[in-house]
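*Asks:* need coordinates for the following:
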Amino acid sequence: MSSLTLTISKRLWLGFAAVCLVLVAAVSYTSLTLTSITGVAARITEVRAPTANASADLTAQMNGSLAILRGYLLTGKEGLKTERIATWANIDALSAQMDELSKSFTNPENRERWAATRGLFDQLRAAQDKAEALAFTPDAFPATKILTEQAAPRAKIVAAMITKMIDDEATRE
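*Replies:* Numbering: from 1, shown residues only. So this is what the prediction gives:
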């Protein structure tokens, strides 16, 4: 008999060891996959979903501030000014939230994009403030301003000179 002949008990132990090896491999693979899936799920729930929600809210608030400004420019209702201030307070809060979320962005390009976008909010606010400040002032209507500041005084001078010429002509024979 050859030494390669295995007894039934040795065959059973080898079979059991093979099954255990397959089981260990399957559990290890499942564990690694689960860890990877857990990381992705955490990134989605902690960063990506809140970022998407904050971005949508920021867009809505900016559109709201523009709509409120349009309403003020059309109607002149003072209450709309305070509404716009409240809207900008919401924008500031959402921007701060995005600042925190951007620290967790996995792509550095996205952090740079947010930083560039963040700077545009100040420009938008300044433009809206300027439009609000100019509303219902002579500077809001440049043609009217030129008429009242430059053309009307000249017209008075011309009218006075014409009147003087008429008066001079009336005194002559």
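*Asks:* gap between R118 and V47?
*Replies:* Distance of R118 to V47, given as CB to CB, to the nearest Å: 17 Å. C-beta coordinates here come from the backbone N, C-alpha and C atoms, glycine included.
*Asks:* against V47, how distant is T106?
*Replies:* Taking CB to CB, one finds T106 at 8 Å from V47.
*Asks:* those two - which one has more neighbours?
*Replies:* V47 (16 against 9; other CB atoms under 10 Å).
*Asks:* contacting residues for that one?
*Replies:* 101, 104-106 (CB atoms under 8 Å, 6 or more residues apart in numbering).
*Asks:* same check, this time on L34
*Replies:* Applying CB under 8 Å, 6+ apart, no residues contact L34.
*Asks:* cool, and N110?
*Replies:* S102.
*Asks:* please apply the same query to the one 4 residues further on.
*Replies:* When the contact criterion is CB under 8 Å, 6+ apart, the partners of W114 are 98-99, 102, 105.
*Asks:* with neighbour count added, can I get these in JSON lines?
*Replies:* Converted to JSON lines, the contacts of W114 look like this (neighbours: other CB atoms under 10 Å):
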{"residue": "M98", "neighbour count": "18"}
{"residue": "D99", "neighbour count": "12"}
{"residue": "S102", "neighbour count": "19"}
{"residue": "F105", "neighbour count": "17"}
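*Asks:* residue nearest the centroid of this structure?
*Replies:* L58 (4.8 Å; CA atoms, centre = their mean).
*Asks:* so where does the residue lying closest to it once chain neighbours are set aside fall, helix or strand?
*Replies:* Excluding the flanking residues, the one nearest L58 by CB to CB, 6 or more residues apart in numbering is L94, at 4.9 Å. Taking DSSP states H and E as the criterion, L94 maps to helix 79-102.
*Asks:* specify the angle between the helix or strand hosting I68 and helix 79-102 in degrees.
*Replies:* Element membership for I68 (DSSP H and E) is helix 49-75. Between helix 49-75 and helix 79-102, the angle comes out at 160 degrees (axes from the mean of the first three to the mean of the last three CA atoms, to 10 degrees).
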